[in-house]
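>>> here are the coordinates; sequence isn't available:
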């Protein structure tokens, strides 16, 4: 009997010994600075590993080569368990079978995780019943107003674009102007998307293979967008940080993550002289105002060939939870003053340590914002909107003619991709 017990104990020891020897760390690829990665690594070691027994190692990528690096990893089979990706990338990789469909692998849990996120941030992740990722962080547009200059001149904050157009001539008469940008300047599809959505239009519908740029709503939205520059004299490109500080652009709409910290932390001379505001909006048929703007997302995705699906999903659930997002945001702002993490977790955002009035505006704007849905052809189809914008603003083409041409080009591109991806599309769940 003693020998039997001894044999059982040895077997158990060997079994668990083999498990320990064969175990490996979660491998996570981040698009992050060294400081950001250090914060994530420290939090993982302090809170995730002691709770789960799972270690994690981190590697850094930059945005310029991240997509190529992931493509090469998928082609070679030398993949991590998790990677941080641009908003439409996981769809490109997921269609090819490279990314785990969370809706299939963890249907109930994935739904619960996404329920704590801003609704607009989920838009890029769902395609024909699939869910290929979880939002990691957000970027959006909102307005910034030099209240000292507005008060001095008796100007009011514009709640709609029509209200803005009424005060624009007064601003321009004093050699001031309204400025708008996302990315490099104002002539981008990021900015155009806000006008399209506010008018009830879009480039395409989620899951579709046909452009909606030629609908009356989209034509109206695109025309309003280009008229900013052709009719209302808004500059095509600005130096947002410098122009706002100097007062040349006392009304600015642009990337929150780029300029907010510069004003809140890096411009002590502006203390008490500025405020945040919602994007100017468009009145809906029911009388409410649509303030929707571009919502940029990047996401965590799990690789299909990872041997640690459950552990990877546990880490993503943990990191995107209210508690950890709050800790991460606090550490992020403490160690990197003047930079801001916009969390996709709604409850964590409610605890963001910034001025309460600024936090309220940002949260309201995030409620309105909509991410770009995944489409066959990815972000490449949006280049046709950029081309149409340039043809109107710089070359004087008729807006309706330009956007109808773009609609045809987008439809042709999406349908070409539908034929190319047919064998993958046929495998997707019916919805």
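Received, thanks. Predicted model, so just to flag it, every value in this text is computed and none were measured.
>>> could you measure residue 206 against residue 382, distance?
Separation of residue 206 from residue 382 (C-beta to C-beta, to the nearest Å) stands at 15 Å. Heads up, the C-betas are built off the backbone N, CA and C, glycines and all.
>>> Neighbour count for these two, which is higher?
The neighbour count for residue 206 versus residue 382, taken as other C-beta atoms under 10 Å, is higher for residue 382 (22 against 14).
>>> residues contacting that one?
Going by C-beta atoms under 8 Å, 6 or more residues apart in numbering, residue 382 touches 189, 203, 372.
>>> Please apply the same query to residue 270.
Counted by C-beta under 8 Å, 6+ apart, residue 270 has contacts 146, 245, 263.
>>> how many other residues sit next to the last one?
Under the neighbour criterion other C-beta under 10 Å, residue 263 is assigned a count of 23.
>>> wait, doesn't it sit right on residue 244?
Yes - with contact defined as C-beta atoms under 8 Å, residue 263 counts as touching residue 244 (7.0 Å).
>>> intersection of neighbour lists for those two?
Common neighbours of residue 263 and residue 244 are listed as 144, 274 (criterion: C-beta under 8 Å, 6+ apart).
>>> if we can go back for a sec, now, the contacts of residue 270 that are in helices?
Counting by DSSP state H, the contacts of residue 270 place 245, 263 in helices.
>>> Same list, the contacts of residue 270, but as TSV with distance to residue 114 and pLDDT please.
Below are those laid out as TSV (distance: C-beta to C-beta, whole Å; pLDDT from 0 to 100):
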residue	distance to residue 114	pLDDT
146	38	98
245	39	96
263	32	93
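>>> any idea which of the contacts of residue 270 is closest to residue 60?
Nearest to residue 60 out of these is residue 263 (C-beta to C-beta; 28.5 Å).
>>> Low-confidence regions, this protein specifically.
Scanning the chain for pLDDT under 70 picks out 1-23, 430-431.
>>> Helix, strand or coil: sort out the residue nearest to the spatial centre of it for me.
Geometric centre of the chain, nearest residue: residue 297, 1.6 Å, by C-alpha atoms, centre = their mean. Assigned with DSSP: H, G, I helix; E, B strand; the rest coil, residue 297 falls in the strand class.
>>> Offset the numbering so it begins at 811, please.
Shifting the count to begin at 811 puts that one at residue 1107.
>>> Nearest residue to it in space, please, no chain neighbours.
residue 897 (4.5 Å; C-beta to C-beta, 6 or more residues apart in numbering).
>>> residues near residue 1229, how many?
So residue 1229, with other C-beta under 10 Å, has 10 neighbours.
>>> Return the list of helices and strands in contact with whatever helix or strand it lives in.
If you go by DSSP states H and E, residue 1229 is part of helix 1209-1230. Where contact means 3 or more C-beta pairs under 8 Å, 6 or more residues apart in numbering; DSSP states H and E, helix 1209-1230 is packed against helix 1026-1040, helix 1193-1203.
>>> outside of it, which residues touch it?
Here helix 1209-1230 makes contact (C-beta under 8 Å, 6+ apart) with 1013-1014, 1018-1024, 1028-1029, 1032-1033, 1036-1037, 1185-1187, 1190-1191, 1194-1195, 1197-1199, 1201-1202, 1235.
>>> Could you chop the protein up by domain?
Residue ranges for the domains of the chain, per automatic domain parsing: 831-948+1107-1173, 949-1104+1182-1232.
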